[in-house]
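Visitor: sequence below, structure please.
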Amino acid sequence: MNPIHLILIGDELLSGKRRDLHLQTIAQSLALHGARVASCEVIHDQAGEEEACVRRYLAPGAVIVTTGGLGPTLDDLTREGLSKATGVELREEPELWEDLRHRYERMGRPISSSNRSQALVPEHGTWFHNDHGTAPGLVFEPPDWPDCTVIALPGPPRELNPMWHEQALPHLIHRYQWPSPPHSILLRFAQMGESSIDEKMRPLLAPYDMLVREARAAGLVDRDVGDEIAAMVEGFRRALAAEAVREEGDTVDGAAAAVGGALEGELASTTRAAR
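Guide: Now for the predicted structure:
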């Protein structure tokens, strides 16, 4: 799987004036496709910082995603920084410039010459249309780094979220042929201690180490993966057992033991499929 690095750009993030919402959005959607964020940095929007940060992660097959710094003002330096880091020149896209001019005309506002920077796109790569703002998303494909992709997304969540889910993520999935989202089950529990669940489930999970490793690689949980999966399986087993008690009049422990055998078969099938 491709190494993925996130770079969150903005003085307002480091000053605490704004709370980051992008890491969770991007990382969760990547995890559904078995992709994992290798690193995340938050940097100032200052000359040279974007370039230096991107250069650290450039490598064949690497995916670098930046957020913020695509506005028309002097402190929006992302596109120029990424151009210098990747060695990919910028060009003006006539379609984008015309679209910007029409948007300002419809709003009855004069367009500033500084807005022209928002019509610049990479010579090698592509760009994403922004239906909720004026800054397009940019895709740099540096020729010196085979299969490397650097994506720049706008900072405002109302612009970034649809662009990421509808354009950027599908672009990455298509380019790198990432697999479809795996099947998953989420069970929630109450009035049951984690240690008690773990004690019951470790013997059941012991033969299925591959299932645990696959879950860890996919980044499906944010705590100890063995404990989390154990809790899910135990809850599922006991829920089925409780249903068996209601229908057959058996004891909970007896029904749970019976259900455990069937569940082990399901786990074995899932493990073989994962391989």
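Visitor: what are the boundaries of the helices in the stretch 1-150 of the chain?
Guide: Using DSSP state H, counting those that start in this stretch, the helices of the stretch 1-150 of the chain run over residues 11-14, 22-31, 49-57, 78-86, 94-107.
Visitor: I'd like the ones you listed as TSV, with mean pLDDT, distance to V42 and mean neighbour count appended.
Guide: Every residue, glycine included, has its C-beta placed from N, CA and C. Shown next, in TSV, are those (pLDDT from 0 to 100; distance: least, CB to CB, whole Å; neighbours: other CB atoms under 10 Å):
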stretch	mean pLDDT	distance to V42	mean neighbour count
helix 11-14	90	5	16
helix 22-31	94	9	17
helix 49-57	96	10	18
helix 78-86	96	14	23
helix 94-107	90	28	13
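Visitor: looking at the ones you listed, which is nearest to N130?
Guide: Closest to N130 of the helices of the stretch 1-150 of the chain, according to CB to CB: helix 94-107, at 9.3 Å.
Visitor: what helices or strands is the closest one leaning on?
Guide: In this structure, helix 94-107 packs against no helix or strand, with contacts taken as 3 or more CB pairs under 8 Å, 6 or more residues apart in numbering; DSSP states H and E.
Visitor: for I9, list each beta-bridge partner.
Guide: In this entry, I9 is beta-bridged to I43, by DSSP bridges.
Visitor: what about it, distance to E105?
Guide: 30 Å (CB to CB, to the nearest Å).
Visitor: got the contact list for the spatially closest residue to V42 that is not a sequence neighbour?
Guide: Once flanking residues are discounted, V42 sits nearest to L8: 4.6 Å by CB to CB, 6 or more residues apart in numbering. Taking CB atoms under 8 Å, 6 or more residues apart in numbering, we find L8 in contact with D20, H22, L23, C40, E41, V42, I43, T66, T67, G68.
Visitor: L8 and T78, how far apart?
Guide: Noted for L8: a distance of 11 Å to T78, by CB to CB.
Visitor: which one, of the helices of the stretch 1-150 of the chain, ends up nearest to H165?
Guide: Closest among these, using CB to CB: helix 22-31, at 6.7 Å.
Visitor: ok, now how distant is the closest residue to L6 other than its chain neighbours from N115?
Guide: Spatially, and ignoring its direct neighbours in sequence, L6 is nearest to C40 (4.3 Å; CB to CB, 6+ apart). Counting by CB to CB, the gap from C40 to N115 is 30 Å.
Visitor: what separation do you get for R79 and M1?
Guide: Counting by CB to CB - R79 and M1 are separated by 28 Å.
Visitor: I'd say G125 and V88 touch.
Guide: Yes - with contact defined as CB atoms under 8 Å, G125 counts as touching V88 (6.5 Å).
Visitor: which one of these two has more residues nearby?
Guide: Between G125 and V88, counted using other CB atoms under 10 Å, V88 has the larger neighbour count: 22 against 18.
Visitor: is it true that the more buried one touches P142?
Guide: Yes - between V88 and P142 there is a contact under CB under 8 Å: 5.7 Å.
Visitor: name the residues contacting each of these two.
Guide: Shared contacts of V88 and P142, counting by CB under 8 Å, 6+ apart, come down to H124.
Visitor: how close does the residue nearest to L6 get to D76?
Guide: According to CB to CB, C40 and D76 sit 21 Å apart.
Visitor: of the two, which one has the most company?
Guide: D76 (21 against 16).
Visitor: and the pLDDT for the more buried one?
Guide: With respect to pLDDT, D76 has a value of 86.
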